[in-house]
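Visitor: Give me coordinates for this.
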Amino acid sequence: MSTLSTPVADPTVAALLAEIQVTTDFFNRSTDCLTEEHSGFAPSPELMTVAQQVAHVARTYDWFVEALRPEGFDLDFEKLEVGVKTATSLNEARAWLERANQQAKDAFGSRTAEELAQPLPEGPVMGGQPRTALVGALVDHTAHHRGVLTVYSRLQGLTPKMPYGDM
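Guide: Just a heads-up that it's a prediction; the model follows:
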């Protein structure tokens, strides 16, 4: 588990940072049965591979962090997929996710609760919602792909761990 680079005193911000970390922990735990040899697996050719799924999750962490800027979300989706479609290594995608997790915690942790309460610009993606809502969207998106990769694991004859810890 990675940590925040600087301590956070505000309990609202600290709760957001904990949510980012636990989301990453759940994702990693439930997908750790997948190994580098599974990198290129996809159930059908039109679907993302294992490596691409993890790279997509990492890129989306970056996208939510970028949405903290005054202009909000970048909606150039072709640009956003650069590096995702070409991902071939699960290990490299996992390293990207770990960097993205740390960057997300640093970005949210460097803001005050007041700054994070400011609304996102009006627009088609979360327009008008407080920036704190970005963490909830990150959690939902990551959970979706965690579920997809659990199915991929089962299709490979693997048994994923419970995301929430040993039961």
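Visitor: Show me the contact partners of the helix or strand of the chain with the lowest mean pLDDT.
Guide: Least confident helix or strand, the chain: helix 77-80 with a mean of 90, by mean pLDDT, DSSP states H and E. With C-beta atoms under 8 Å, 6 or more residues apart in numbering as the test, helix 77-80 has contacts from 59, 63, 74. C-beta coordinates here come from the backbone N, C-alpha and C atoms, glycine included.
Visitor: Now do the contacts for the nearest residue to residue 49 once chain neighbours are set aside.
Guide: Counting by C-beta to C-beta, 6 or more residues apart in numbering, residue 49 lies nearest to residue 42, which is 4.5 Å off, once chain neighbours are set aside. Applying C-beta under 8 Å, 6+ apart to residue 42 gives the contacts 48, 49, 50, 52, 152.
Visitor: Now intersect the residues you listed with the helices, please.
Guide: 50, 52, 152 (DSSP state H).
Visitor: Apart from its neighbours in sequence, what residue is nearest the second one?
Guide: Looking back up the chat, that one is residue 52. residue 87 (4.9 Å).
Visitor: Assumed that neighbour was part of a strand.
Guide: No: using DSSP: H, G, I helix; E, B strand; the rest coil, the secondary structure at residue 87 is coil, not a strand.
Visitor: ok so, going back, how distant is the least confident helix or strand of the chain from the center of its chain?
Guide: 16 Å (C-alpha atoms, centre = their mean, to the nearest Å).
Visitor: And the strands in this structure, which stretches?
Guide: For the chain, strands defined by DSSP state E do not occur.
Visitor: any low-confidence regions in it?
Guide: 1-9, 167 (pLDDT under 70).
Visitor: Taking the contacts of residue 42, tell me the two that lie furthest apart.
Guide: 52 and 152 (10.9 Å; C-beta to C-beta).
Visitor: what's the closest of the contacts of helix 77-80 to residue 135?
Guide: residue 63 (13.0 Å).
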